[in-house]
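Colleague: Build me a model:
(one chain, ligands or ions: 1)
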Amino acid sequence: MIIRPNKGLTFDDVLLTPRRSPVSSRNAVDTASWLTPSIRLHIPVVSANMDTVTEARMAIAMAREGGIGIIHRFMTVEQQVRQVSRVKRAEGFMVERPYAIAPDASLDAAREMMRRYDVGGLVALDADDEFVGLITRRDILLAPDRLRLVNEVMTPRAKLVTARAGVTPAEAQAILYEHRLEKLPVIDAAGKLAGLITAQDVMKPESHPHATKDERGRLRVGAAIGVTAGDRERAGALLEAGADVLVLDIAHGHADHCIDMLQSLRRDYPQAQIVAGNVATRAGARELAEAGAAAIKVGIGPGSICTTRVVTGFGVPQLTAIMDSVDGVRDSGRDIPIVADGGIKTSGDMVKALAAGASTVMIGSLFAGCEESPGSPVIRDGQKFKVVRGMASLGAAIGRREAEALENESAESQEDWDKVVPEGVEAVVPYRGHVREILYQMVGGLRSGLSYGGAFTIPELWENAEFIEITAAGVRESRHHDVQKL
Ligand code: XMP
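Modeller: Model (predicted):
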C-alpha cells in the first residue's frame, strides 16, 4: 500500500498566473486543436456520448460550430448507424445516396419515411433502380385526399429540372434560383441519379465557415462503442456508415478487456481513428497509447452526474489526472492528444484543462440543457429544465434493460433492478437554448484565457502555463462575492 506524496488537484484548486502577453486582441488567437492526429477541430470542444447529450441533432450543431459530437452507444446498432448517417447527410454540397421510395408506395409510407429520417423529400426509384420522380413534404401536404400513391403525387422525372454530374456549387445555386427550386437531382452521363442538391446545402457553407468536415465536405461525427463481442459488429457498421472516429468508452479503460478490444480493432480496421478511455493515471494513458489509441480520454469520476468516487472510492482529481496522462502519453513515445472528459463547469475550467495539456474537452451536463440535446424540456415552477443522467445511473440502467427486454420480447422484473449498483445520478439542468450560444461564451472565455496566458495557440498555452494552488479563501475570492446577484 502506498500513499502518493503529492496532493491530487482539480480545477477549483488552482488558478493560472497571468503572463506578459504579445496578444493584443482576442481575435488574434487561434482556438484550433486536434481530436486525434488526423481530425482537426476549429474549437477544442466535444459533446459527451451520453443519452441525454449527444444524438444526431447535437452532433450536427457541434460540427457546424467547429467542434464534434460523439453519438452515445445506448441504442441498437441500427439506431446508432442511423444517427451517424443523419449527421453525414446533414451537410455536404450534394447528398450522394438520397433516401428513396418506390413509386407505388403509399403516401403514408412516404410521410413516415420523411418523418423518420427528418428529410423534406424523397427520390422515387423503380424496381430497376431507375430514377422516376421526386416527392416532397409539400407535395404530400397539398395532395387531395383521394390520392394515395407516391406516383400520383410526385413530380415525374420528365418535368424535373436536373443538373449534370460535376455541377459546381455556384452553378447549382444559379439553377435553384432561376427556377425557384428547393431540390435539384443530379444525373450522371449514363442517365442515372448521381445525387440530390438542396437549396439549404448550397447555402450552409457560408453560414458555418469553420464547420468540422471530412474530405468529402460532410460534417464529421464520432460514435461510442463498448467492449462486448457485439461491439465489434457495431464498430464495423459505424465505420461503414461514415463515422469519422470511434470512441471506445468504458468506465475503467485501464483494463485488459479494453486493451484487447483496442488492439483487435486496430488489427481489423487499421485506418480507423479510435479514441480510448477512460483513464486517470500515467500508466493507464501510456498503455492505451501503446495499444494504438488515436487519443486518450481522461476522467474517472469528475463528471457532474458521476458517483464513481463515492461508490467505489476510486478516482483522481481531474487536473492531476490530465497532467499525469500527458506524462503517460509521453512515456509511450507517441504524440497523441488527450481529451479531458468531465467536470467542466465554466470556460475557465476548460482553459485550465487545456493548459494542463489536454487538446480537447468533453462536456456533458453543460450541454444537456440545450435545445439540441435529446428529450424535451420540462416546466417546473414556471422554469424550463432538461433531464441529464449519468450513463451508470439507475435510470439509464433501467432504460437499457427495458429496451433490451423489448427487443428480446422478455420481461424484466423488479428483482433485476434491485441488482443494479449505480455509479451516477439523474438530475435536471436549466434549459439553456441553442448550443452555439453556449459555445460562443465558452470560446470567448478561451480566447481571453489564451491572451492572459501570452499564447496565440493551445500548444503555446501548454508551454507557457503556470498554475498556482489556491486556498478556500482564494476559491471564495474568485467567485462574485459580497454582492446580491441580479
Ligand atoms: P460532465 O461533468 O461534463 O461530465 O457532465 C460528463 C462525463 O461524465 C462521465 N459519465 C459518468 N461517470 N458515472 C460516472 O462515474 C456515470 O453514470 C456517468 N455518466 C457519464 C462521462 O465520462 C461523461 O463524458
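
Colleague: Show me the helices in the stretch 301-450 of the chain, by range?
Modeller: Under the criterion DSSP state H, counting those that start in this stretch, the stretch 301-450 of the chain contains helices at 308-312, 318-332, 347-355, 365-368, 394-408, 414-418, 435-452.

Colleague: which ones are touching residue 312?
Modeller: Shown in contact with residue 312 (C-beta atoms under 8 Å, 6 or more residues apart in numbering): residue 423. C-beta coordinates here come from the backbone N, C-alpha and C atoms, glycine included.

Colleague: actually residue 13, sorry about that
Modeller: Applying C-beta under 8 Å, 6+ apart, the residues contacting residue 13 are 7, 317, 319, 469, 470.

Colleague: ok, and of those, which contact the ligand?
Modeller: Restricting the contacts of residue 13 to those touching the ligand (C-beta under 6 Å from any ligand atom) yields no residues.

Colleague: and the residue nearest to the spatial centre of the chain, bridged to which residues?
Modeller: Nearest to the geometric centre of the chain sits residue 69, at 0.9 Å (C-alpha atoms, centre = their mean). Beta bridges link residue 69 to residue 47, judged by DSSP bridges.

Colleague: picking up where we left off before, taking the contacts of residue 13 together, which two end up most distant?
Modeller: In the contacts of residue 13, two members sit farther apart than any others by C-beta to C-beta. They are 317 and 470, at 14.0 Å.

Colleague: Can you pick out the residue with more neighbours from those two?
Modeller: When residue 317 and residue 470 are compared for neighbours, residue 317 comes out ahead with 20 against 16, by other C-beta atoms under 10 Å.

Colleague: can you tell me the residue of the stretch 101-250 of the chain closest to the ligand?
Modeller: residue 249 (7.2 Å; C-beta to the nearest ligand atom).

Colleague: How about that residue, nearest residue that isn't a chain neighbour?
Modeller: Closest residue to residue 249 in three dimensions, ignoring its sequence neighbours and counting by C-beta to C-beta, 6 or more residues apart in numbering: residue 224, at 4.8 Å.

Colleague: secondary structure class for that neighbour?
Modeller: Recorded secondary structure, residue 224: strand (DSSP: H, G, I helix; E, B strand; the rest coil).

Colleague: who's in contact with the closest residue to residue 320 other than its chain neighbours?
Modeller: In this structure, residue 320 finds its nearest non-sequential neighbour in residue 8, 4.3 Å apart by C-beta to C-beta, 6+ apart. Neighbouring residues of residue 8 by C-beta under 8 Å, 6+ apart: 316, 317, 320, 321.

Colleague: and of these, the nearest to the ligand?
Modeller: Closest to the ligand, out of all of the contacts of residue 8 and judged by C-beta to the nearest ligand atom, is residue 321, at 11.7 Å.

Colleague: Compute the number of surrounding residues for the spatially closest residue to residue 328 that is not a sequence neighbour.
Modeller: If the residues on either side of it in the chain are set aside, residue 328 comes closest to residue 285, at 3.1 Å by C-beta to C-beta, 6+ apart. Other residues within reach of residue 285, judged by other C-beta under 10 Å, total 32.

Colleague: a helix runs through residue 285, doesn't it?
Modeller: Yes. Under three-state DSSP, residue 285 falls within a helix.

Colleague: distance of it from the ligand?
Modeller: From residue 285 across to the ligand, the span is 15 Å (C-beta to the nearest ligand atom, to the nearest Å).

Colleague: and that residue, what does it touch?
Modeller: Contacts for residue 285 (C-beta under 8 Å, 6+ apart) come out as 279, 296, 298, 324, 325, 326, 327, 328, 329, 332, 338.

Colleague: from those, which would you call buried?
Modeller: 279, 296, 298, 324, 325, 326, 328, 329, 332, 338 (16 or more other C-beta atoms under 10 Å).

Colleague: Contact partners for the residue lying closest to the third one once chain neighbours are set aside?
Modeller: Ranked by C-beta to C-beta, 6+ apart and with sequence neighbours excluded, the top spatial neighbour of residue 298 is residue 325, at 4.6 Å. For residue 325, the contacting residues are 279, 280, 281, 282, 284, 285, 296, 298, 338, 357, by C-beta under 8 Å, 6+ apart.

Colleague: The stretch 351-486 of the chain against the ligand: which residues are in contact?
Modeller: The stretch 351-486 of the chain has residues 362, 363, 364, 365, 366, 390, 391, 392, 393, 423, 424 near the ligand, with proximity defined as C-beta under 6 Å from any ligand atom.

Colleague: Likewise for the stretch 1-150 of the chain?
Modeller: Applying C-beta under 6 Å from any ligand atom, we find that the stretch 1-150 of the chain lies next to the ligand at 48, 50.

Colleague: What are the boundaries of the helices in the stretch 1-150 of the chain?
Modeller: Along the stretch 1-150 of the chain, the segments classed as helices by DSSP H, counting those that start in this stretch run 56-64, 77-90, 107-117, 137-142, 150-153.

Colleague: I'd like the next helix or strand past the shortest one.
Modeller: When you say that, I think you mean helix 150-153. Going down the chain from helix 150-153, the next helix or strand is strand 155-156, by DSSP states H and E.

Colleague: Within the sheet, what are the partner strands of that next one, with directions?
Modeller: Within its sheet, strand 155-156 is paired with strand 131-136 (antiparallel), according to DSSP bridges.

Colleague: Name the residues that touch the partner strand?
Modeller: Residues outside strand 131-136 that contact it (C-beta under 8 Å, 6+ apart): 101, 103, 110, 120-126, 150-151, 153-157, 160, 182-183, 185, 187, 192-193.

Colleague: do the same with stretch 215-222
Modeller: Stretch 215-222 has contacts (C-beta under 8 Å, 6+ apart) with 35, 39, 46, 49, 56, 59-60, 63-64, 68-71, 84, 87-93, 205, 211-214, 242-247, 275.

Colleague: which of those are buried?
Modeller: Buried subset of those (neighbour count, 16+ other C-beta under 10 Å): 35, 39, 46, 49, 56, 59-60, 63-64, 68-71, 84, 87-93, 211-213, 242-247, 275.
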